[in-house]
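With the input below, show me the fold.
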Amino acid sequence: MTLLLVAVGAAVGAPLRYLTDRFIQARHDTVFPWGTLTVNVAGSLIFGALSGAARTGRLDPALLTVLGPGFCGALTTYSSFGYETLRLAEDGSSFLAAANVAVSLLAGLGAAFIGAAVAAAI
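Take a look at the predicted model:
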């Protein structure tokens, strides 16, 4: 049953990731991967809020499975982050590659902590 719940969430998260990435990236005239950064930070915020709600016992475990590892797991993308960072570095954009790593790490962790704190406070 758990595998089915993850698959259902992923079936929504993966296409949403792709569409969001393309939508965001089409509006920026830069090689910086704004779309991937956006989905990763949004997914971290959502998963942080889910974990905060789950810790307080206000989120059904099945819903956490659908939305956490399912939806957020498919919405976010470490592989694209890694690939895009490598591509920036190989293309001579070392500053943008380093900025992508720093901003992704700080914003992603910050979003997860904020999401958990907000969910716990509500």
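
switch to C-alpha atoms for all contacts and neighbour counts from now on
OK.

Roughly how far does the closest residue to residue 84 other than its chain neighbours sit from residue 50?
Nearest residue to residue 84, sequence neighbours excluded (Cα to Cα, 6 or more residues apart in numbering): residue 33, at 6.8 Å. Relative to residue 50, residue 33 is positioned 26 Å away (Cα to Cα, to the nearest Å).

cool, residue 9 as well?
Remark: distance between residue 9 and residue 50 (Cα to Cα) = 14 Å.

any common contacting residues for those two?
Common contact partners of residue 9 and residue 50 (Cα atoms under 8 Å, 6 or more residues apart in numbering): residue 67.

give me the number of residues near residue 57?
For residue 57, the tally of surrounding residues (other Cα atoms under 10 Å) stands at 11.

before we move on, the earlier item: now for the residue nearest to residue 84: which residues touch it?
Applying Cα under 8 Å, 6+ apart to residue 33 gives the contacts 25, 84, 100.

thought the first one was touching residue 38?
This means residue 25. No. Using Cα atoms under 8 Å, residue 25 makes no contact with residue 38, being 9.8 Å away.

Look through this structure and tell me its longest helix.
When the chain is parsed with DSSP state H, its longest helix is helix 94-121.

Which neighbouring elements make contact with that one?
Counting contacts by 3 or more Cα pairs under 8 Å, 6 or more residues apart in numbering; DSSP states H and E, helix 94-121 packs against helix 34-55, helix 78-90.

ranking those by burial, who's on top?
helix 34-55 (a mean of 23; mean count of other Cα atoms under 10 Å).

So for that helix, mean pLDDT?
For helix 34-55, the mean pLDDT works out to 97.

what's the following helix or strand after it?
helix 61-65 (DSSP states H and E).

buried stuff in that next one?
Buried residues in helix 61-65, counting neighbours by 16 or more other Cα atoms under 10 Å, are found at 64-65.

And the contacts of that helix?
Residues outside helix 61-65 that contact it (Cα under 8 Å, 6+ apart): 2, 5-6, 50-51, 54.

Need the helices and strands packed on helix 94-121 in a markdown table (columns: distance to residue 67).
Formatted as a markdown table, those follow (distance: least, Cα to Cα, whole Å):
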| stretch | distance to residue 67 |
| --- | --- |
| helix 34-55 | 8 |
| helix 78-90 | 18 |
